[in-house]
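J.: What shape does this take:
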Amino acid sequence: MNPKQRISYFPVEQMDAEMQKEMDRCRREGTPRPESSAVRAHVPAAFWSFANSWRDLFRNGVCAHPIKELCRLYVSRSVQCDYCGNQRSVKAAGAGMIEDDVRDLLNFEKSARYSKQQKAALSYAEAITWHLDTDDAFWARLHRHFSEPELVELGCFIALTMGQQSWLRLLNIDHHQVLAGTSASMAPGYQTQDELRRSKGDPEYWAKQGRA
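T.: Numbering: from 1, shown residues only. As a prediction, this is how the structure comes out:
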């Protein structure tokens, strides 16, 4: 274990067959990548609680997946979880999300990049993440763009990813350490161990810039 890593990775070879199957999915598809799942694997209930919730609330569900990916990355930028912030959803990319969509997240209200619906979703993520007070106008905005089932799913998902990212940030885990050898769901510039090292060593590395 890396001396700065706070909780070890549970060995994949000691997992049962179903857990190994899910770990292989993480290796192939990412979000989440295998390292965070290997930490949760110390407690199978924690492993499956997250895996099942992530499948049902993030990868599937009633709310548009790219909206949820924007909110996930907003949380990454806010809590500065670079392990999570250096990943990208393959499903969202397939739906047309590009790297430029990530750049203005913390200043989304002033950006011309996002639609009114995207800005409404990000305002929801902002209010949850930063514990903001909300008023009738805030909720009217959300209800203009989302159904109540979508608001429930999106709120639960934001809360899930915020809690997990706030925790993972403390653990000092990193990519390309468990079931290494694939670039699945890694952001550009982080797809190999060498690229990851160079990008994180750059003085302009996003997680070194502080919260907006």
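J.: Next, count neighbours for Glu153.
T.: Look at Glu153: counted by other Cβ atoms under 10 Å, it has 20 neighbours. To be clear about C-beta, it is placed using only N, CA and C from the backbone, and glycine gets the same treatment.
J.: Show the contacting residues for it.
T.: Leu57, Gly61, Val62, Cys63 (Cβ atoms under 8 Å, 6 or more residues apart in numbering).
J.: which one of those is nearest Leu196?
T.: Sorting these by distance to Leu196 puts Leu57 at the head of the list, at 27.6 Å, by Cβ to Cβ.
J.: Where is the longest helix in this structure?
T.: The single longest helix within the chain, with elements called by DSSP state H, is helix 148-171.
J.: Show me what counts as buried in that one.
T.: 150-151, 153-155, 157-158, 160-162, 164-165, 168-169, 171 (16 or more other Cβ atoms under 10 Å).
J.: Can you pull out the residues in contact with stretch 16-24?
T.: With contact meaning Cβ under 8 Å, 6+ apart, stretch 16-24 is reached by Val12, Met15, Pro34, Ser37, Ala38, Ala41, Pro44, Phe47, Ala51, Val178, Leu179.
J.: could you dump the contacts of Glu153 to a markdown table with distance to Gln118 and neighbour count?
T.: Output for those, formatted as a markdown table (distance: Cβ to Cβ, whole Å; neighbours: other Cβ atoms under 10 Å):
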| residue | distance to Gln118 | neighbour count |
| --- | --- | --- |
| Leu57 | 18 | 22 |
| Gly61 | 17 | 17 |
| Val62 | 17 | 13 |
| Cys63 | 12 | 21 |
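J.: Return stretch 69-84 as CSV; C-alpha atoms alone will do.
T.: Extracted C-alpha coordinates of stretch 69-84, given in CSV (Å, rounded to 0.1, in the frame of the first residue of the first chain):
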residue,chain,number,x,y,z
GLU,A,69,-22.4,13.3,-15.4
LEU,A,70,-22.2,17.1,-15.3
CYS,A,71,-23.5,17.1,-11.7
ARG,A,72,-21.0,14.4,-10.8
LEU,A,73,-18.1,16.5,-12.2
TYR,A,74,-19.5,19.6,-10.5
VAL,A,75,-19.2,17.8,-7.2
SER,A,76,-15.6,16.7,-8.1
ARG,A,77,-14.6,20.2,-8.8
SER,A,78,-16.3,21.5,-5.6
VAL,A,79,-14.9,18.9,-3.1
GLN,A,80,-11.6,18.5,-5.1
CYS,A,81,-11.8,14.8,-5.4
ASP,A,82,-9.2,14.3,-8.2
TYR,A,83,-9.7,10.6,-8.2
CYS,A,84,-13.3,11.1,-9.3
